[in-house]
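*Asks:* What shape does this take:
(one chain, ligands or ions: 1)
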Amino acid sequence: MSKEKKSALKEKKGVSVSETTDKSSIKSIKEKRSNKIAPSQLIASILNGNITALGKAITLIESKNRKHLKDANNVIMGCLPYANNSIRIGITGVPGVGKSTFIEAFGKHLTAQGKRVAVLAIDPTSTISKGSILGDKTRMESLAKDDNVFIRPSASGDSLGGVARKTRESIILCEAAGFDVIIIETVGVGQSEITVHSMVDFFLLLKLAGAGDELQGIKRGIIEMADAIAINKADGGNLKSAKLAKEEFSMALHLYPERPSHWQPKVTLCSAINSEGIDEIWKLVLDYMEATTKNGYFEVKRNKQSEYWLIQTIEEQLKFDFFNAPKIKKELEKQMKLIENKKTTPFAAADYLLNLKL
Ligand code: GDP
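*Replies:* Residues are numbered from 1 along each chain as shown. A predicted model of the protein is given here:
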């Protein structure tokens, strides 16, 4: 049938050609907007190192829509056999210490060696303020332009556990996409360091010279977790005090008990802004990898981390299911009133709620 005849027929039926064209283009726009790509297609693109597909898959993982859960899990499972082959580095330090400047210099150093680098973040404040330490687009601007770099801001979530889980799953996808080094950045304010430590191989603490640990909000526990401490801003008038701080810290670290990794944590100087001391830190990471691979600790640690994440995920899910059950929501309120009126104790109330049939 000729074009003219087709349009004449449609016009007879009361449908104009432009109307049908509009409808089909709207449909395709809607499909595009809904981002609906089959998990198998996403997996294939990720394995090809496609960064756009990687970004889409992470968005799927981060989705709060329950309907996306199955697809997200399928993508993760499809990528899992190709994961596990990167060096995972955690970086922490108080705001202003120079984390993003450091990551930019460090990342460039690695890409210059042909490595592909992914930067993910865990920002505990994002669960409260919905902000994000990597949200500001101007951070790591020049690194972000590199084709061999993938930068993803912290997921926002209702709990640090939820955010952390998404980051951990994102690591799997980044590894499947062929990233050699995965940097997980966090801000040094407490619980988030423990979370990051539980998903990385090497943990780097950035510090400033001349400010006490209390002032920098650094807890003893964080120092105990660090595999290396880099004193940043070791330049200009700061250099002398940075050198002094390095000596003091190196001595102090010797007083800590030996670690299961048998790795003696190192203290080093760097100036992220001048890209100085960066190579030394990368060499430390490689030394650590070699030593812990040889003595078996690397494998043991990764297995322990997987066990930890199994338990964490179960705990999170149980908590979620429990508190979101309509019956619990209703009864919890009643029990709280009873506690307020001194008619029951928190323990008796907990016992009652935990024994309810859901
Ligand atoms: P973050 O909050 O830890 O990510 O810190 P930024 O990377 O944003 O750095 C905070 C400020 O310190 C910025 O003004 C940087 O230019 C500056 N800065 C970062 N690294 C260095 C450094 O090595 N030397 C000096 N002198 N300044 C630095």
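*Asks:* For the one helix or strand I229 maps to, which helices and strands make contact with it?
*Replies:* Per DSSP states H and E: I229 is located in strand 228-232. Judged by 3 or more Cβ pairs under 8 Å, 6 or more residues apart in numbering; DSSP states H and E, the packing partners of strand 228-232 are helix 99-111, strand 202-208, helix 239-253, strand 266-269, helix 278-294. For every residue, glycine as well, the C-beta is placed using N, CA and C.
*Asks:* want to throw the ones you listed into JSON lines with mean pLDDT and mean neighbour count?
*Replies:* Output for the helices and strands packed on strand 228-232, formatted as JSON lines (pLDDT from 0 to 100; neighbours: other Cβ atoms under 10 Å):
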{"stretch": "helix 99-111", "mean pLDDT": "95", "mean neighbour count": "22"}
{"stretch": "strand 202-208", "mean pLDDT": "94", "mean neighbour count": "23"}
{"stretch": "helix 239-253", "mean pLDDT": "89", "mean neighbour count": "15"}
{"stretch": "strand 266-269", "mean pLDDT": "96", "mean neighbour count": "20"}
{"stretch": "helix 278-294", "mean pLDDT": "97", "mean neighbour count": "16"}
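*Asks:* right, and these - which one's nearest the ligand?
*Replies:* helix 99-111 (3.4 Å; Cβ to the nearest ligand atom).
*Asks:* Residues in contact with the closest one: which ones?
*Replies:* 91-93, 117, 119, 133-134, 139-140, 142-143, 146, 148-149, 180-181, 183, 185, 187, 206, 230, 232, 270, 272-273, 275, 278-279, 281-282 (Cβ atoms under 8 Å, 6 or more residues apart in numbering).
*Asks:* re earlier: how about CSV for the helices and strands packed on strand 228-232, with distance to the ligand added?
*Replies:* Formatted as CSV, the helices and strands packed on strand 228-232 follow (distance: least, Cβ to the nearest ligand atom, whole Å):
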stretch, distance to the ligand
helix 99-111, 3
strand 202-208, 7
helix 239-253, 10
strand 266-269, 10
helix 278-294, 10
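*Asks:* Ok, which of those comes nearest T313?
*Replies:* Between T313 and these, the shortest separation by Cβ to Cβ is 21.8 Å, and it involves strand 202-208.
*Asks:* for this structure, what are the low-confidence residue spans?
*Replies:* The chain contains residues with pLDDT under 70 at 1-35, 124-138, 156-158, 188-190, 211-220.
*Asks:* Can you tell me how far P260 is from E224?
*Replies:* 12 Å (Cβ to Cβ, to the nearest Å).
*Asks:* Actually, K36.
*Replies:* Distance, K36 to E224, using Cβ to Cβ: 47 Å.
*Asks:* rewinding a little: filter the contacts of helix 99-111 down to the ones in helices?
*Replies:* S142, L143, I278, D279, I281, W282 (DSSP state H).
*Asks:* Now do the same contact list for the second one.
*Replies:* Put plainly, it is L143. I103, E104, G107, K108, V117, V119, V149, I151.
*Asks:* again, but for the fourth one
*Replies:* Counting by Cβ under 8 Å, 6+ apart, D279 makes contact with H109.
*Asks:* who in this protein is up against the ligand?
*Replies:* 93, 95-101, 232-233, 235, 271-273 (Cβ under 6 Å from any ligand atom).
*Asks:* got those as CSV, with distance to K56 columns?
*Replies:* Listed next are the residues of the chain next to the ligand as CSV, based on distance: Cβ to Cβ, whole Å:
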residue, distance to K56
G93, 31
P95, 31
G96, 33
V97, 33
G98, 32
K99, 27
S100, 25
T101, 29
N232, 35
K233, 38
D235, 41
S271, 37
A272, 32
I273, 34
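*Asks:* what's the neighbour count on the nearest residue to H262 once chain neighbours are set aside?
*Replies:* In space, and not counting its chain neighbours, H262 is closest to N295: 6.0 Å by Cβ to Cβ, 6 or more residues apart in numbering. Counted with other Cβ atoms under 10 Å, residues neighbouring N295 total 14.
*Asks:* Give me the buried stretch members for stretch 192-204, please.
*Replies:* Within stretch 192-204, the residues that count as buried by 16 or more other Cβ atoms under 10 Å are S192, E193, T195, V196, H197, S198, M199, V200, D201, F202, F203, L204.
*Asks:* can I get the CA coordinates of the helix or strand that the fourth one is a member of in PDB?
*Replies:* Same thing as V196. According to DSSP H and E, V196 maps onto helix 191-197. Extracted C-alpha coordinates of helix 191-197, given in PDB (Å, rounded to 0.1, in the frame of the first residue of the first chain):
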ATOM      1  CA  GLN A 191      30.700   5.100  62.800                       C
ATOM      2  CA  SER A 192      31.200   5.500  59.100                       C
ATOM      3  CA  GLU A 193      34.900   4.600  59.300                       C
ATOM      4  CA  ILE A 194      34.100   1.200  60.800                       C
ATOM      5  CA  THR A 195      31.700   0.700  58.000                       C
ATOM      6  CA  VAL A 196      34.200   1.600  55.300                       C
ATOM      7  CA  HIS A 197      36.900  -0.500  57.000                       C
END
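*Asks:* Report all helices and strands that that helix contacts.
*Replies:* strand 87-92, strand 117-122, helix 160-176, strand 181-186, strand 202-208, helix 220-225.
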